[in-house]
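S.K.: next comes the sequence, and after it the predicted model I'd like to discuss.
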Amino acid sequence: MDAASRDRTLAPSTVALALADAERRGFRLAVIGRACALSAIAAFYLIVFPWPNNLPMAGVFLAFAAAGLVPLALIGSRLERPARFALFAVDVVAIAAMLAFGPLSTGDDIPQNLIFLSSRHVYFFVLVALSLLTLSPALVLWTGFLGVSGLAAATAAIMAGMERVVSFSDLPRGPTREQFMAVVASPDFLNLPVRVNEGMVLALVTALAALAVHRARAMTRAHAAVEEKRSRLQRLFGRYVPVQVAEQLAEAGRLAPEMREASVLFADIEGFTGIAEQLPPAEVIGLLNGFFGATTDIIDRHNGVVVNHVGDALIAAFNAPLMVADFAGRAVAAAGALQALVAARDFDGHRLRVRIGIATGPVAAGTVGGAERQTYTLYGDTVNLAQRLERLNKELGTDCLVCGRTYSEAKRGGIDARPVGQTQVRGRGEPVEVFSIVRQAAASNLN
């Protein structure tokens, strides 16, 4: 399976994980919101209703608020999903029981059918609203279905205890005020059509809420898919262009051309052609991959960007495309680390020597190429000078040469360098002041 196929295989699971995480966070918020709502209702009973009749109902609501926090301990476990459905089911049963059996007053016996004169049945709507936070259409539908069923069961339980049911249907056509008040004030008043209408409204609200959650999930799924695609593009582009460039390409689609002051490091393996002639192609590529992998890590640690690989050479930039402070000092420090690398280890059994040239000055940076294929690159005399200095090492028997501006800007970092003098560099009319880096004394101080 190729990398693209693996990414396509991983994408659905990534989206599923994003949705599961959204549901988990939403359920936690719903549990906390439920506790806050029940506490507010308890406070309402304590404030509005007379003492001490307000204590029993307030105590019941506070007890339910505390008990409902138990599912928080189950979040992340395999019991979390059943706990979600169980919590809302328990609340529906509690509300239905309040309607069917909870007395309106601690005083004289009041007909239970008059319970609908209170607002207890609207708590079903509060539960549906809380279920929205879970981002689970199934849980919303479950809560609404149980709410409609609970309302119907409570109404049926109340009717079962009544000898006679009075509703608006008992009114004559065009009733007088006395006739209307006699029906509404009747101790047998239940008004079954209104209860049916309340159940229908609750079912409609549930359906709309489930649809809203479905759309929210679709947006979450689309956002997760976009993030996965962006991450996949970064991983894909990152194999062929600098990671920093890939990130900007994924975000903006292109890199705007710009002029930037930067230090350019050009490094080449000395005598690599002779080494390559003695090895099979697969070993040559393996050696280069090992070398470039190690050198790229060094460039990254010094906040540079490996712009390109040309055969056995690499071009790195400091301050392009990423802006960094003391870019000349970072380039020289990276050069010292590269020299220490090849001095300390071999690559596939081969000891290497690296020649390095560093130049500092203006560079033109941006993506170039056709509409279907582009690459990020640097242009300008600074790039050419870095390459010329790398080649000049061979003539002078040195390992790392830098131009005068690089030396003057980097010397405050504590480098040791030997002046080579004014040197004529091919492609330049005027001689260039050149320094040979002897020792990098403060490379580790650069962050």
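M.R.: Great, that's in hand. Residues are numbered from 1 along each chain as shown.
S.K.: in three-state terms, label G421 for me.
M.R.: strand (DSSP: H, G, I helix; E, B strand; the rest coil).
S.K.: residue contacts, it?
M.R.: For G421, the contacting residues are E433, V434, by CB atoms under 8 Å, 6 or more residues apart in numbering. For every residue, glycine as well, the C-beta is placed using N, CA and C.
S.K.: start the count at 39 instead of 1 going forward.
M.R.: New numbering, starting at 39: the last item is G459.
S.K.: which intervals of the stretch 339-485 of the chain have sub-threshold pLDDT?
M.R.: 407-412, 451, 477-485 (pLDDT under 70).
S.K.: make that the stretch 189-338 of the chain, sorry
M.R.: 267-294.
S.K.: can we see that at 50?
M.R.: Within the stretch 189-338 of the chain, the segments meeting pLDDT under 50 span 278.
S.K.: and the helices in it?
M.R.: 215-222, 230-275, 281-290, 310-315, 319-339 (DSSP state H, counting those that start in this stretch).
S.K.: okay, now the domains of the protein?
M.R.: 41-272, 294-483 (automatic domain parsing).
S.K.: in CSV: the helices of the stretch 189-338 of the chain, plus distance to Y445 and mean neighbour count.
M.R.: Output for these, formatted as CSV (distance: least, CB to CB, whole Å; neighbours: other CB atoms under 10 Å):
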stretch, distance to Y445, mean neighbour count
helix 215-222, 98, 12
helix 230-275, 35, 15
helix 281-290, 27, 17
helix 310-315, 28, 14
helix 319-339, 20, 16
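S.K.: out of the ones you listed, which comes closest to G349?
M.R.: helix 310-315 (7.8 Å; CB to CB).
S.K.: so V186 belongs to a helix, correct?
M.R.: Yes. Counting by three-state DSSP, V186 is found in a helix.
S.K.: roughly how far does it sit from M238?
M.R.: Using CB to CB, to the nearest Å, we find V186 at a distance of 8 Å from M238.
S.K.: what's the single longest strand in this structure?
M.R.: With secondary structure taken from DSSP state E, the chain has its longest strand at strand 392-407.
S.K.: show residues contacting stretch 468-477.
M.R.: 370, 373-374, 423, 427, 430, 434, 436-442, 444-445, 453-463.
S.K.: and what of stretch 253-263?
M.R.: A49, T52, V53, A56, L57, A60, L173, P175.
S.K.: which one of these sits closest to V322?
M.R.: When those are compared against V322 (criterion: CB to CB), the nearest one is A49, at 35.8 Å.
S.K.: rewinding a little: export the helices of the stretch 189-338 of the chain to a markdown table and append columns for distance to E296.
M.R.: Below are the helices of the stretch 189-338 of the chain laid out as a markdown table (distance: least, CB to CB, whole Å):
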| stretch | distance to E296 |
| --- | --- |
| helix 215-222 | 79 |
| helix 230-275 | 19 |
| helix 281-290 | 12 |
| helix 310-315 | 33 |
| helix 319-339 | 20 |
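S.K.: out of those helices, nearest to Y414?
M.R.: Using CB to CB, the helices of the stretch 189-338 of the chain put helix 281-290 closest to Y414, at 4.6 Å.
S.K.: and the nearest residue to T436 once chain neighbours are set aside, what are its phi and psi?
M.R.: In space, and not counting its chain neighbours, T436 is closest to S474: 4.5 Å by CB to CB, 6 or more residues apart in numbering. Phi and psi for S474, reported as degrees, to the nearest 10, are phi -100, psi 120.
S.K.: so S474 bridges to which residues?
M.R.: As for beta bridges, S474 partners with L439, R456 under DSSP bridges.
S.K.: by neighbour count, which of the contacts of stretch 253-263 wins?
M.R.: Among those, the one with the most neighbours (other CB atoms under 10 Å) is L173, at 24 neighbours.
S.K.: quick one: contacts for that one?
M.R.: L57, A60, E61, G64, V251, A254, R255, T258.
S.K.: quick one: the fifth one from A241, how far?
M.R.: Computed with CB to CB, the distance linking V251 and A241 is 16 Å.
S.K.: likewise the third one?
M.R.: Note on E61: its distance to A241, by CB to CB, is 23 Å.
S.K.: over to the last one?
M.R.: Distance, T258 to A241, using CB to CB: 26 Å.
S.K.: now T436: how far from L352?
M.R.: 19 Å.
S.K.: which one's more surrounded, the two?
M.R.: Using other CB under 10 Å, the more surrounded residue of T436 and L352 is L352, with 24 against 20.
S.K.: for the more buried one, which non-adjacent residue is closest in space?
M.R.: L352 sits nearest to A305 (CB to CB, 6+ apart), 5.3 Å away.
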